[in-house]
Every structure is written in structure tokens, then in C-alpha cells.
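Colleague: Starting from these lines, generate the structure:
(one chain, ligands or ions: 1)
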Amino acid sequence: NKQVIFKDFVSGFPKESDMFVTTGSVKLKLPEGSRAVLVKNLYLSCDPYMRALMKPQDANYGSVFTSYTPGSPVSGFGVAKVLESGHPDIKEGDLVWGVTTWEEYSVIKAPETLIKIQHTDVPLSYYTGILGMPGMTAYAGFYEVCSPKKGEYVYVSSAAGAVGQLVGQLAKLTGCYVVGSAGSKEKVDLLKNKFGFDEAFNYKEEHDLNAALKRYFPEGIDIYFENVGGKMLDAVLLNMRIHGRIAVCGMISQYNIDKPEGVSNLMNIVYKRVRVEGFVVFDYLQQYSKFLDTLISYIKDGKITYVEDIAEGLESGPAALVGLFSGRNVGKQVVTVSLE
Ligand code: NDP
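Modeller: A predicted model of the protein is given here:
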């Protein structure tokens, strides 16, 4: 049973060498009377929150995350096939998604946290992205936190990623004017030509983010879907419209620096009566089945498209995961463990 092991707590940018691949042992039979399930992992998800798990627990503010244990395997969301089940509602052969371990086979002790996959006529890897946690984040963040209205001006940062590409497309379906930013020409092209954003720009080529936003939003921004934080947030605050909304989904530019950057333009929240609201996807899970029905029909009707960046094999996992923090991924970063 090949595994990806987390070496030790990380400060600064995570490196591939902060993890290593080893062949461990797993008991392939469940103990008698156990309610656990034994699964074969098919696809693993690389998500930015996994960086927080690489810090000691006291740096995680004791709330949303439980840190990884040095010397133990990495865990994260994934798609798996059930090989053996001690749980009455889950049977051998079921396909599930939820939190699993970065290894070929896993024993999942709390199988009630897994979600059974009913729709298998879409790529199964989608349950790590558009039909899984990041998709639900985009959906809840956009519809519940942003309170969007037709015709509004929407800005999405990290727009070519797992969450951002869906936010932009949902905003277009709502009838908004949508601009996205991303870190390469290839991503900017995707935003404009594949995901249907009205405009897109490469933030790395803009020396003055305030000027860039003024260029794309001469009348200001109604909704900012915040994925990056730092200087971008500061520039956005200068460009918000009255009664604008900022949905704070994440701040990836801050995850690898010890002292978060200061934000200078907060008084604009007062001047422009902006609503700034942070959110965590887990608070919206009761909406999952409605979300799933909506997204499946959007995908089947060709109203929504999704780009994945697939890394082959567990061995490629560490590089794929740390690549999130340099923008190496083009679209949702997935690691394939096994195709069936
Ligand atoms: P992505 O697929 O967008 O991957 C991360 C991307 O972030 C990279 O590709 C890179 O793109 C960009 N990035 C990395 N470093 C920086 C930086 N210093 N400045 C600007 N951009 C950077 O990830 P997700 O879509 O999965 O996640 C997007 C955001 O959503 C993250 O902040 C994440 O933490 C948050 N999140 C929050 C959830 C919640 O419940 N609140 C749930 C899920 C995600 P580029 O080339 O454009 O730089």
C-alpha cells in the first residue's frame, strides 16, 4: 500500500520534499464487527487548505482545521471505490467521495462522512472539484454570500482555479458582467475563451493593481469573490461600489508568509457601505443535493464547463500539491491513483 507521508511541520512555502512516498502496510480485511469501510482510492484532490494542516495545531487557531501528524500520511478529499464494508448503508462496489488518505487503499473509520456517488455518467474526478468541495464552495459563496443580481459587476481572483472558474460561470449565468484575474497568459485565455468571462487579466503583469481594476471596472465593482487577499484586496477596496459585497473565500497569497500583509484601505468599507463576509463551505453542506442536481444539469446542457489538471500516480502528489502555491496548476488539481 503506497502512501504519501507528511514529514514535518512547514514554515514558508511548502516543498515537494516536505512529503515522501513509501510503501506501508494496511490490513486489507476489516476487523469482525467493524462499521468501517475499506476503499481503493481513485482520485485525490489538491486543495489550498491542506497548507494549513502543515502547521502545528496552535497556529491553526483551534477552529476549522486539524493539523497533519508528522510521519503520518497526508489526508484530503478524494474519490474512492468501496472494497469491503461494515456499514449498513454502504456496500461493496459503491463509489464514494469524502475525506480519505493519500495512499492506494484506506480504511475509513467514520464512513458516515462519505457521500455516495449516484451520477456516474460524468468524470468521477469531478467529485474532487466541480461536483465536490470546491464546487460547493463556489456555489454557496456566490449565491449565498454575494447576493448577486443581474447586471452587476463581478470580479473573481484566482479565477482559473477549482473554485474561481465555476464562480465566474455562475456569475455569467446570473447575467453579471464578470472579470477574472489569474497568473499566466494560458489561464487568461481560458477565462476569456473557455469559461466566457467578459474580460480577464494577468495580475503578475500589472504593476498597479488599482489602475488595472479601474481599467476593467470604470464604474466600480459590485461583487468581489476573494481568493487571494493581500495587495489584491487592498486594490479592490479602492474600487468597490456603494453597497458592494466581498465574499471572503480564501487568501492564498498569505498562506506561506509568517506575517500577513497589512491592508490599508479598510475605511472604504465604511465609505462604500460594503458588506465583507467570510464563509466556510462546511456551513452549507445541507444544500449539497440541490447543488448537485443544478450542476449536473448545467454540465449536461453544456452551460458549464470545467478544466482539470491531472497528475498521474501517487508519486506525483507532493509536486502537484505544492504547485498550487506557485500557480503551476491550470484548473482543478487532481491526482490519479487508479482508474478503477
Ligand atoms: P486553485 O485551483 O485556484 O489553485 C490555487 C491558485 O492560487 C494557483 O493556481 C494560483 O493561480 C493562485 N495563487 C497561488 N499563490 C498566489 C499568490 N501569492 N497570489 C495570487 N494567487 C496565487 O485553488 P482553489 O480554487 O481550490 O481555491 C481557491 C481559494 O479558495 C483559496 O484561497 C482556497 O483557500 C479557498 N477555498 C476556501 C474554501 C472555504 O470554504 N472558504 C473552500 C475551498 C477553497 P495563479 O496562476 O492565478 O496565481
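
Colleague: and the closest residue to Glu315 other than its chain neighbours, how many neighbours does it have?
Modeller: Of all residues not flanking Glu315 in the chain, Val21 sits nearest, at 5.3 Å (Cβ to Cβ, 6 or more residues apart in numbering). Yep, even glycine has a C-beta here, placed from its N, CA and C like the rest. When neighbours are counted by other Cβ atoms under 10 Å, Val21 registers 16.

Colleague: Need the contact partners of the one helix or strand Val21 maps to.
Modeller: When elements are defined using DSSP states H and E, Val21 is found to belong to strand 19-23. Residues outside strand 19-23 that contact it (Cβ atoms under 8 Å, 6 or more residues apart in numbering) are 1-7, 74, 314-315, 317-318, 321.

Colleague: Filter those residues down to just the ones in strands.
Modeller: The strands, defined by DSSP state E, take in Lys2, Gln3, Val4, Ile5, Phe6 from these.

Colleague: so the fourth one touches Gly71, yeah?
Modeller: Yes - contact criterion Cβ atoms under 8 Å: Ile5 and Gly71 qualify, at 6.6 Å.

Colleague: Which one of those two is surrounded by more residues?
Modeller: Taking other Cβ under 10 Å, Ile5 and Gly71 do not tie; Ile5 has more neighbours (19 against 9).

Colleague: Tell me the bridge partners for Pro73.
Modeller: Here Pro73 sits in beta bridges with Ile5, as judged by DSSP bridges.

Colleague: which secondary structure element contains Asp258?
Modeller: Here Asp258 is covered by no helix or strand, with elements defined by DSSP H and E.

Colleague: what's the burial count for it?
Modeller: Burial measure for Asp258: 7 neighbouring residues, criterion other Cβ under 10 Å.

Colleague: First residue to last residue on stretch 329-337, what's the distance there?
Modeller: Stretch 329-337 stretches 18 Å from its first residue to its last (Cα to Cα, to the nearest Å).

Colleague: What of stretch 129-137?
Modeller: The straight-line separation of the ends of stretch 129-137 (Cα to Cα) is 10 Å.

Colleague: That stretch vs the ligand: in contact?
Modeller: Yes - with Cβ under 6 Å from any ligand atom as the measure, stretch 129-137 is seen reaching the ligand through Pro134, Thr137.

Colleague: That stretch: how far from the chain's middle?
Modeller: Mean-position distance between stretch 129-137 and its chain equals 7 Å (Cα atoms, centre = their mean, to the nearest Å).

Colleague: try stretch 229-238
Modeller: Averaged C-alpha coordinates place stretch 229-238 at 21 Å from its chain's average position (Cα atoms, centre = their mean).

Colleague: cool, and stretch 162-178?
Modeller: Between the mean C-alpha point of stretch 162-178 and the mean C-alpha point of its chain there is a distance of 15 Å (Cα atoms, centre = their mean).

Colleague: same deal with stretch 5-18?
Modeller: Relative to its chain's centre, stretch 5-18 lies at 20 Å (Cα atoms, centre = their mean).

Colleague: about what we covered before: could the ones in strands among the contacts of strand 19-23 go into JSON lines alongside pLDDT and distance to Leu173?
Modeller: Compiled in JSON lines, the ones in strands among the contacts of strand 19-23 are given as follows (pLDDT from 0 to 100; distance: Cβ to Cβ, whole Å):
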{"residue": "Lys2", "pLDDT": "95", "distance to Leu173": "41"}
{"residue": "Gln3", "pLDDT": "96", "distance to Leu173": "41"}
{"residue": "Val4", "pLDDT": "98", "distance to Leu173": "37"}
{"residue": "Ile5", "pLDDT": "97", "distance to Leu173": "42"}
{"residue": "Phe6", "pLDDT": "98", "distance to Leu173": "39"}
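
Colleague: any chance of those in CSV, plus distance to the ligand?
Modeller: Rendered in CSV, the data for those read as follows (distance: Cβ to the nearest ligand atom, whole Å):
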residue, distance to the ligand
Lys2, 25
Gln3, 23
Val4, 19
Ile5, 23
Phe6, 18
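
Colleague: Can you select the buried ones among the contacts of strand 19-23 for me in PyMOL?
Modeller: The following PyMOL command selects only the buried members of the contacts of strand 19-23, with burial defined by 16 or more other Cβ atoms under 10 Å:
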select buried, resi 1+2+3+4+5+6+74+314+317+318+321
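
Colleague: Might you enumerate the residues of the protein proximal to the ligand?
Modeller: Taking Cβ under 6 Å from any ligand atom, the part of the chain that reaches the ligand is made up of 47-49, 134, 137, 158, 160-164, 182-184, 187, 227-228, 249-250, 252-253, 279-281, 324-325, 327, 329, 332.

Colleague: Tyr127 is in contact with Ile117, isn't it?
Modeller: Yes - contact between Tyr127 and Ile117 holds when scored by Cβ under 8 Å: they sit 5.9 Å apart.
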